[in-house]
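*Asks:* Output the structure for:
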Amino acid sequence: MKRTTTMTTGNIIRFACILLLWLALCWLLLTRAARIDFMVIFTIVASGIIVFVPLYKKYVRKK
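*Replies:* Numbering: from 1, shown residues only. Alright, predicted model coming up:
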């Protein structure tokens with residue numbers, strides 16, 4: 001039996017909390033960096049991919 005997962009209210013709140021935490025950490029990284037170069041931007045992009053792609057695959061993408 002195939003179980004479908006949808007975005008319930010609890011999942012949306014959880015997703016929003018993760019998003020806000022990630023944005024806060026990115027802001028800290030950008031404000032504390034001595035200079036903004038490729039490695040800082042790469043770190044932000046890579047962390048976004050690591051955090052949000054599994055969430056997207058689980059809750060947003062329809063199979």
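*Asks:* Give me the spatial nearest neighbour of Val51, chain neighbours excluded.
*Replies:* With CB to CB, 6 or more residues apart in numbering as the criterion, Val51 has its nearest non-adjacent residue at 5.7 Å, and that residue is Trp22. Glycine gets a C-beta too; all of them are placed from N, C-alpha and C.
*Asks:* per-residue confidence for the one you found?
*Replies:* As predicted, Trp22 sits at a pLDDT of 96.
*Asks:* next one: Ala46
*Replies:* pLDDT, Ala46: 97.
*Asks:* tally of neighbours for it?
*Replies:* When neighbours are defined as other CB atoms under 10 Å, Ala46 has 10 of them.
*Asks:* just the helices in the chain please.
*Replies:* Listed in chain order, the helices of the chain (DSSP state H) span 9-32, 38-55.
*Asks:* Show me what the first one packs onto, helices and strands only.
*Replies:* Packed against helix 9-32 by the contact rule (3 or more CB pairs under 8 Å, 6 or more residues apart in numbering; DSSP states H and E) you find helix 38-55.
*Asks:* Let me see the residues that make contact with stretch 45-63.
*Replies:* Contacts made with stretch 45-63 from outside it, assessed by CB atoms under 8 Å, 6 or more residues apart in numbering, are listed as Thr4, Thr5, Thr6, Met7, Asn11, Phe15, Ile18, Trp22, Leu25, Cys26.
*Asks:* ChimeraX command to pick out the buried ones of the residues you listed?
*Replies:* With 16 or more other CB atoms under 10 Å as the burial test, the buried ones among the contacts of stretch 45-63 are selected in ChimeraX as follows:
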select :15,22
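*Asks:* Now distance to Asp37 too, for the contacts of stretch 45-63, in TSV please.
*Replies:* As requested, the contacts of stretch 45-63 are arranged in TSV below (distance: CB to CB, whole Å):
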residue	distance to Asp37
Thr4	44
Thr5	39
Thr6	41
Met7	36
Asn11	36
Phe15	30
Ile18	27
Trp22	20
Leu25	18
Cys26	15
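*Asks:* Relative to Phe42, which of the contacts of stretch 45-63 is nearest.
*Replies:* When the contacts of stretch 45-63 are compared for distance to Phe42, the smallest value, 12.4 Å, is given by Cys26; criterion: CB to CB.
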